[in-house]
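Chemist: What would the 3D arrangement of this be:
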Amino acid sequence: MFRKNKKILILFFVIAAVAVAAWFLNQGIETKKTPLNDVVIIYTNDIHTYIKNRNPEDAKKAMNLSYSALSALKEDIEAQGKEVILADAGDHIQGTAYGDMDKGATIIQMMNETGYDIATIGNHEFDYGIARILELINKAEYSYLSCNFYKTDDGKLVLPAYKIIEKGGLKIAFIGISTPESITKSTPTFFMDKNGNLLYNFYSGEDGSELYNAVQKTIDEVKPQADYVIALGHLGVDLSSVPYTSREVIQHTHGLDAFIDGHSHTLIEHEYVPDSKGNEVLLTQTGAYFKGIGVMTIAKDGTISTEVLHEYGRQNEFVTETELGWIKTIDEKLGEKIAVLDSKMFVMDPKNPAQRIVRCQETNLGDLTADSYYYFFNEKLKLNCDIAFSNGGGIRNGINPGDVSYFSAKTVHPFGNQLCVVEATGQQILDALEKGAMFAGVYDETKHIPAESGGFLHVAGIKYEIDSTVESTVQIDGNGIWLGAPTGKYKVQNVQVYNRETSEFEPLDLERKYRLAGANYVLKNLGDGMAMFKGIVPILDFVGEDYIILSDYFKSFKKGKDGYPHISTGNSPLKSYKNYLLDYENPFGSGRIEINK
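Modeler: Just a heads-up that it's a prediction; the model follows:
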């Protein structure tokens, strides 16, 4: 009798368990398969070729993260009997001289040695051209993923949309997502044929719907095959990236368990964002430049947790050997002392280290870079250049006082942009300034700082005002490319051009043509969406990389008693220009850009 009752009792519990599972499914609540042991996903984003963190201020904080530390972390976790997956969310082959000198090849080698399993493609993976990134992808021993990067001729995806990795008895699907901003935040012409037609594009949509649909389609395809679905995206959370942010993708889709993000250089250890069905999705990002390594754990009970490590004590000797060999090679090429800097040059706000003020207001480094172009074309090439532009997104790192080398200049300008001179109308110049000032006065609630834009323009030979109370009505397409002038009032006002003959500033003439210098990224290749210059044929092109021109400007300053040029306002070769605005000692520049609030 007891055995019979026991069988009935067991049958009852089985039926009850099935009924409970069915109820959860009917309610849209998924029951998750749990791993046999913890599965750990180590993740990185926006390393930008910082193979060793070289910032002295960070060194004081014992920030010693690198590929060799990452490899050691992976080994140590595996030694605990846990399964490990290594993932990167994009922007890893470009950013410093370490990547640029061989166009990303050694970075791919180090990622292979480190043991990466998967990566998504960031916008700066395209900075050496489409052919180069496709070549590097073939050299990678890990998989690149993107569910929204496609060829326009047949609509086929360039890369696999997802990959399923089996670890710890689980099938974990990773979906790659690339920012639609890649076209304007790399070099637009790289994606086009000679007639300006797009050969490659990204599912986007002006309202984000194309992107959301591409992600949802991939989720629906892979979900029946996987126990967990994780997005590996390069989207970010910046206000200027709306409607293509990771938060919006989560909110407009369903079925994701977690989202490993990149692009905005934001530290998000863990944040829960509701999807379109109200289920919470874990969002995380490590910041940038190897200042953090993410560790996501799928525990035995099926829960997902994340933490971001800011240091790690052990290094993998094999990877360290590759790192140090590459560092030595590049440092020997670029480490030659060429000048001495007397005052710090700023990219970040001295009062708020989280704010890249070079992307939203004038800085002394913005002035210095624009002056280097202006000086080169006027004094070296004698081309009678009226104006020079230096886009804030191309100014990546500040410079500390002390010895300055080619490496210092390359750290400022890591992209290797070639410079050119064009003839542009005053209207085109005004429109470019307006496009760059789109987000002036806009507050980024997600970061609690003023909104940033890589298209913000620093200038030489010109000064202007921005009325930050005016709402931008600039016309742009879904990729952020300029379509037309603002439908309302211009934010940019009172633009004046320096006349080198009279030494006076004169109002910008919208009908007149001016000689304008800058990176071909902006003036030729529609960088930052500057399509008002589309079709302009340069007077002179490919005159040299921006960091070489900046180095040349360093060397042109008056020498001190030590025999080296000293970079200061009083020693500048432009000091002879009467009434020209110079103040390299002021972090916020010389007053060329006034923002009225």
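Chemist: in the stretch 251-400 of the chain, which spans are strands?
Modeler: Secondary structure of the stretch 251-400 of the chain (DSSP state E, counting those that start in this stretch): strands at 258-260, 267-274, 280-286, 293-298, 304-309, 337-341, 387-391.
Chemist: so can I have CSV of these showing distance to residue 580, mean pLDDT and mean neighbour count?
Modeler: For glycine as for every other residue, the C-beta is placed from the backbone atoms N, C-alpha and C. As requested, those are arranged in CSV below (distance: least, C-beta to C-beta, whole Å; pLDDT from 0 to 100; neighbours: other C-beta atoms under 10 Å):
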stretch, distance to residue 580, mean pLDDT, mean neighbour count
strand 258-260, 48, 98, 26
strand 267-274, 40, 97, 16
strand 280-286, 42, 98, 24
strand 293-298, 47, 97, 22
strand 304-309, 46, 96, 16
strand 337-341, 20, 96, 19
strand 387-391, 12, 98, 27
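Chemist: between those strands, which one is nearest to residue 70?
Modeler: Proximity to residue 70 (C-beta to C-beta) singles out strand 293-298 among the strands of the stretch 251-400 of the chain, at 6.0 Å.
Chemist: tell me what the closest one is packed against?
Modeler: If you count contacts as 3 or more C-beta pairs under 8 Å, 6 or more residues apart in numbering; DSSP states H and E, strand 293-298 packs onto strand 39-44, helix 67-79, strand 258-260, strand 280-286, strand 304-309.
Chemist: Pull the distance from stretch 278-288 to the chain's centre.
Modeler: From the chain centre to the centre of stretch 278-288 is a distance of 18 Å (C-alpha atoms, centre = their mean, to the nearest Å).
Chemist: Take it, keep the C-alpha atoms, and write them as CSV.
Modeler: The C-alpha coordinates for stretch 278-288 follow below in CSV (Å, rounded to 0.1, in the frame of the first residue of the first chain):
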residue,chain,number,x,y,z
GLY,A,278,8.5,44.0,-19.4
ASN,A,279,11.3,41.4,-18.7
GLU,A,280,14.4,42.9,-17.3
VAL,A,281,17.6,42.6,-19.4
LEU,A,282,21.0,43.0,-17.8
LEU,A,283,23.0,45.8,-19.6
THR,A,284,26.8,46.2,-19.0
GLN,A,285,29.8,48.1,-20.4
THR,A,286,33.4,48.4,-19.1
GLY,A,287,34.2,52.0,-20.1
ALA,A,288,37.2,52.2,-22.4
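Chemist: TSV for the helices and strands packed on strand 293-298, including distance to residue 170?
Modeler: Output for the helices and strands packed on strand 293-298, formatted as TSV (distance: least, C-beta to C-beta, whole Å):
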stretch	distance to residue 170
strand 39-44	6
helix 67-79	16
strand 258-260	13
strand 280-286	16
strand 304-309	12
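Chemist: Out of those, flag the one nearest residue 97.
Modeler: With C-beta to C-beta, the closest approach to residue 97 among those belongs to helix 67-79: 16.5 Å.
Chemist: what's the closest one packed up against?
Modeler: strand 39-44, strand 83-88, helix 105-114, strand 293-298, helix 317-334.
Chemist: And the last one, what's buried?
Modeler: Yep, that's helix 317-334 we're talking about. 319-320, 322-323, 326, 330, 334 (16 or more other C-beta atoms under 10 Å).
Chemist: still on that earlier bit, which among the helices and strands packed on helix 67-79 is found nearest to residue 258?
Modeler: Residue 258 lies closest to strand 293-298 among the helices and strands packed on helix 67-79, at 6.7 Å (C-beta to C-beta).
Chemist: Report the distance from the closest one to the chain centre.
Modeler: Here strand 293-298 is found 22 Å from its chain centre; the criterion is C-alpha atoms, centre = their mean.
Chemist: go on, stretch 409-423?
Modeler: That offset, for stretch 409-423, works out to 17 Å (C-alpha atoms, centre = their mean).
Chemist: sorry, back to before: can you lay out the helices and strands packed on helix 67-79 as a markdown table showing distance to residue 127?
Modeler: Output for the helices and strands packed on helix 67-79, formatted as a markdown table (distance: least, C-beta to C-beta, whole Å):
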| stretch | distance to residue 127 |
| --- | --- |
| strand 39-44 | 18 |
| strand 83-88 | 16 |
| helix 105-114 | 12 |
| strand 293-298 | 24 |
| helix 317-334 | 17 |
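Chemist: can you pull the contacts of residue 113?
Modeler: Shown in contact with residue 113 (C-beta atoms under 8 Å, 6 or more residues apart in numbering): 67, 71, 318-319, 322.
Chemist: Now with 6 Å, please.
Modeler: If you count contacts by C-beta atoms under 6 Å, 6 or more residues apart in numbering, residue 113 has them with residue 319.
Chemist: For residue 68, see how far away it is.
Modeler: 9 Å (C-beta to C-beta, to the nearest Å).
Chemist: picking that back up, mind putting the buried residues of helix 317-334 in JSON lines, distance to residue 164 and pLDDT included?
Modeler: Shown next, in JSON lines, are these (distance: C-beta to C-beta, whole Å; pLDDT from 0 to 100):
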{"residue": "319", "distance to residue 164": "27", "pLDDT": "91"}
{"residue": "320", "distance to residue 164": "32", "pLDDT": "89"}
{"residue": "322", "distance to residue 164": "30", "pLDDT": "89"}
{"residue": "323", "distance to residue 164": "32", "pLDDT": "89"}
{"residue": "326", "distance to residue 164": "34", "pLDDT": "88"}
{"residue": "330", "distance to residue 164": "38", "pLDDT": "84"}
{"residue": "334", "distance to residue 164": "43", "pLDDT": "86"}
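Chemist: So in the protein, where's the weakest helix or strand by average pLDDT?
Modeler: Lowest on mean pLDDT, DSSP states H and E among the helices and strands of the chain sits helix 56-59, with a mean of 40.
Chemist: any idea how far residue 304 is from the most centrally placed residue in the chain?
Modeler: Geometric centre of the chain, nearest residue: residue 263, 4.7 Å, by C-alpha atoms, centre = their mean. Distance from residue 263 to residue 304, counting by C-beta to C-beta: 22 Å.
Chemist: So which of the helices and strands packed on strand 293-298 is nearest residue 504?
Modeler: Between the helices and strands packed on strand 293-298, strand 280-286 lies closest to residue 504; by C-beta to C-beta that is 48.9 Å.
Chemist: Let me know the pLDDT of the closest residue to residue 526 other than its chain neighbours.
Modeler: Leaving aside its sequence neighbours, residue 526 sits nearest to residue 188 (C-beta to C-beta, 6 or more residues apart in numbering; 3.7 Å). For residue 188, the pLDDT comes out at 86.
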